[in-house]
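1. Sequence and computational prediction follow.
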Amino acid sequence: MMLLAIEQGNTNTLFAVHDGTDWIAQWRTATESTRTADEYAVWLSQLLAMSGMSLGALTACIISSVVPQSLFNLRNLSRRYLHVEPLVIGENAELGIPVRIDKPSEAGADRLVNAIGAHMVYPGPLIVIDSGTATTFDVIGADGGFEGGVIAPGINLSMQALHEAAAKLPRIAIQRPERNRVVGTDTVTAMQSGVFWGYIGLIEGLIKRIKDERGEHLTVVATGGVFSLFEGATESIDHFDGDLTIRGLLEIHRRNTT
């Protein structure tokens, strides 16, 4: 089996290839809802060729997308170029976990996939934090069930809003303040501190409130590219794991094909 796993967020889309034993290739591209199946095929075939593979070698496909207008083109990529019907989270893929929220259909595909990927590795009830366009805090039960969560603006979105809404504030790069200082001495360092330590405060505060409300021990797992910036800056996060999503997609594919 050669599986193409596609995980599409609002900002980036990940394409990963699994050969039945290991992940052998991963690529990211900016999410563009108007990109056609043919454009995806040209881009993907070139990257596959650089790794000594071809589109024809791919025999299965699974898709997780939070961008509904892109799903048509991703599905056509699989049908037209891989000649397989893809598994699509939220449509024809059975997840095998209970979704204990008022409107289960509203649970984001990425959040459900992360829940499965986290529960496979970490014991007991969990808080799974994912930093993307939004920062989500999801509670996963001891049995792997999705029990709801919190959605906050993502760090990049907050920085963009700060720059666009305040005429004199520049666009800055996200980075950890030097020597872990909190008080900035110019506009840029003041903004960097506010964003960095402000998000640490958001993370720590919400984790504490969730744990207080639940009244039980929860293991906290963080994923998403931005979270590597916060590693070592807070003791509230137990594990940083960048592979939750693709691990979850692989497991969902296994559950639907065995």
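-> Structure's in. What do you need?
2. so where does Tyr40 fall, helix or strand?
-> Tyr40 belongs to helix 37-50 when elements are defined using DSSP states H and E.
3. buried ones in that helix?
-> Ala37, Tyr40, Ala41, Leu44, Leu48 (16 or more other C-beta atoms under 10 Å). No exception for glycine: its C-beta is placed from N, CA and C like everyone else's.
4. repeat for stretch 185-196
-> For stretch 185-196, the neighbour count (16+ other C-beta under 10 Å) marks Thr189, Met191, Gln192, Ser193, Gly194, Val195, Phe196 as buried.
5. Please identify which of those residues is nearest to Ser158.
-> Val195 (6.6 Å; C-beta to C-beta).
6. Look up the closest residue to the closest one, ignoring the ones flanking it.
-> Met159 (5.7 Å; C-beta to C-beta, 6 or more residues apart in numbering).
7. Where does the one you found fall, secondary structure wise?
-> Under the criterion of DSSP H and E, Met159 resides in helix 155-165.
8. now that helix, how far from the centre of its chain.
-> 20 Å (C-alpha atoms, centre = their mean, to the nearest Å).
9. Quick one: the buried residues of helix 37-50 as a markdown table, columns for pLDDT and distance to His163 too.
-> Formatted as a markdown table, the buried residues of helix 37-50 follow (pLDDT from 0 to 100; distance: C-beta to C-beta, whole Å):
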| residue | pLDDT | distance to His163 |
| --- | --- | --- |
| Ala37 | 96 | 35 |
| Tyr40 | 96 | 31 |
| Ala41 | 96 | 36 |
| Leu44 | 96 | 34 |
| Leu48 | 96 | 38 |
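10. pretty sure Ile207 contacts Thr219?
-> No: if you go by C-beta atoms under 8 Å, Ile207 and Thr219 don't touch, sitting 10.9 Å apart.
11. Compare the two (neighbour count), which wins?
-> Legend: neighbour count by other C-beta atoms under 10 Å for Ile207 and Thr219, higher for Ile207 (20 against 16).
12. Give me the phi and psi for that one.
-> Dihedral angles of Ile207 (phi, psi; degrees, to the nearest 10) stand at phi -60, psi -50.
13. before we move on, what about Phe15?
-> phi -110, psi 130.
14. OK, contacts around it?
-> Phe15 makes contacts with Leu4, Ala5, Ile6, Gln26, Trp27, Arg28, Thr29, Leu44, Leu47, as judged by C-beta atoms under 8 Å, 6 or more residues apart in numbering.
15. go on, Gln192?
-> Contacts for Gln192 (C-beta under 8 Å, 6+ apart) come out as Ile172, Ile174, Gln175, Pro177, Gly184.
16. now do Gly124
-> Contacts for Gly124 were tallied using C-beta under 8 Å, 6+ apart; they are Ala142, His217, Leu218, Thr219.
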